[in-house]
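[1] Provided below for reference: sequence and predicted model.
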Amino acid sequence: MTSDGNRIGVVGSGLMAVGIAEVVARSGMHAVLRARSDESASVARSQLEKGLARQVEKGKLEAVERDAIVSRVSTCTDLSALADCDIVIETVVEDLATKQQLFRELDAIVAASAILATNTSTLPVVEMARVTNRPDQVCGIHFFNPAQVLPLVEVVRPITASDDTIARAARFVSAIGKDGVHVLDRAGFIVNALLFPYLNNAIRMLEDGTASMEDIDTAMKGGCNFPMGPFALLDLVGLDTSLSILETLHASFADENFAPRPKLRELVAAGRLGRKTKAGFYVY
Ligand code: 3HC
């Protein structure tokens with residue numbers, strides 16, 4: 001538990017929202033997941049239950065623990081259900097105007113003492129802070145996919161955030177059993193700023209015909225001990241998400257290593273977005 005209490009709001013109903021809600025509930029806190037419709041709320045809940053059922057089947061989790069975790073996640077469609085949360089983390093679409101509108105609404109609804117956080121990968125956190133009346137209490141709390149498994153969380157500090165907000169966010173990250181790192185509000189933070197030139201250059205290597213996709217993946221797994229190769233990872237992250245991250249990084253740093261490769265654009269245009277559409281670089 002944190003001194004911030006134990007009620008955490010999660011806005012969104014995608015993979016990241018479900019993963020974050022699970023991590024919060026596993027640590028004994030209560031997660032309130034807000035989806036836009038009853039339908040998406042029930043899909044999110046069934047994703048949560050499916051993931052936990054897999055852990056029970058594998059003998060990694062007791063059924064009674066699963067039930068306790070599920071009971072600590074509530075879903076809602078009305079933002080007002082987040083009013084008494086201590087921290088609210090948004091995981092909605094990576095579109096600044098959408099996020100700013102959400103921050104305005106959250107600012108009006110959620111307790112004045114609460115932290116409003118974003119899970120954005122690349123958008124400037126300060127742009128969300130500045131539309132609220134509590135810019136000192138807005139920061140980034142950035143999880144990695146799959147959030148249930150990966151230990152890292154980046155605590156992102158916009159220029160507007162107070163020391164107290166960053167300290168509270170870091171305490172929360174540690175209370176949910178994650179490893180927090182501190183980073184300033186610059187595009188890509190630490191991980192994506194280093195990861196995406198590598199992923200993009202793997203696509204360039206494939207386009208050049210230097211090696212096959214399978215061999216590039218095998219090389220980076222066997223030669224660097226990475227858990228997955230760049231094409232498997234692009235498919236996991238999602239090709240649309242990867243394209244949008246690269247575009248933001250390229251606009252920020254004007255570095256050719258970030259200029260999205262044509263093959264990536266081509267696959268996104270064809271609707272091959274990775275694992276979520278059952279086809280990306282690979283077919284699933
Ligand atoms: N939900 C819950 N648990 C999951 C899971 C999921 N979606 N996916 C895998 N797991 C669990 C498995 O159950 C298993 O746990 P167990 O040993 O307790 O049973 C464990 O993770 C390992 O899974 P598997 O044995 O099935 O498969 P792998 O060993 O290949 O691991 C992986 C899968 C965890 C995805 C691993 O390949 C990995 O870590 N890959 C790298 C992922 C990565 O780099 N992510 C960062 C992407 S960048 C990002 O997120 C930033 C964003 O801003 C874009």
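    Here it is on my side, so go on. Numbering: from 1, shown residues only.
[2] so which bits of the chain are right by the ligand?
    Taking C-beta under 6 Å from any ligand atom, the part of the chain that reaches the ligand is made up of 51, 58, 60, 121, 144-146, 148-150, 192, 227-228, 233, 237, 241. C-beta coordinates here come from the backbone N, C-alpha and C atoms, glycine included.
[3] 8 Å instead?
    15, 19, 22, 51, 54-55, 58, 60, 121-122, 142-150, 191-192, 195, 226-228, 232-233, 236-238, 241-242, 245 (C-beta under 8 Å from any ligand atom).
[4] enumerate every residue touching the spatially closest residue to residue 43 that is not a sequence neighbour.
    The shortest distance from residue 43 to any non-neighbouring residue, by C-beta to C-beta, 6 or more residues apart in numbering, is to residue 13 (6.7 Å). Going by C-beta atoms under 8 Å, 6 or more residues apart in numbering, residue 13 touches 33, 35, 36, 40, 41, 43, 44.
[5] are any of these buried, and which?
    33, 35, 40, 41, 43, 44 (16 or more other C-beta atoms under 10 Å).
[6] ok, residues contacting the helix or strand encompassing the fourth one?
    To tie it back to what came earlier, the one meant is residue 41. For residue 41, the element it lies in under DSSP states H and E is helix 38-57. Contacts with helix 38-57, where a contact means C-beta under 8 Å, 6+ apart, come from 13-15, 17-18, 21-22, 33, 35, 61-63, 66, 69-70, 73, 75-77, 148.
[7] let's see 6 Å
    Helix 38-57 is contacted by residues 13, 18, 22, 33, 35, 61, 63, 66, 75 when judged by C-beta atoms under 6 Å, 6 or more residues apart in numbering.
[8] roughly how far does residue 40 sit from residue 197?
    Distance of residue 40 to residue 197, computed by C-beta to C-beta, to the nearest Å: 34 Å.
[9] with residue 20 instead?
    For residue 20, the distance to residue 197 - C-beta to C-beta - is 27 Å.
[10] for residue 233, same thing?
    13 Å.
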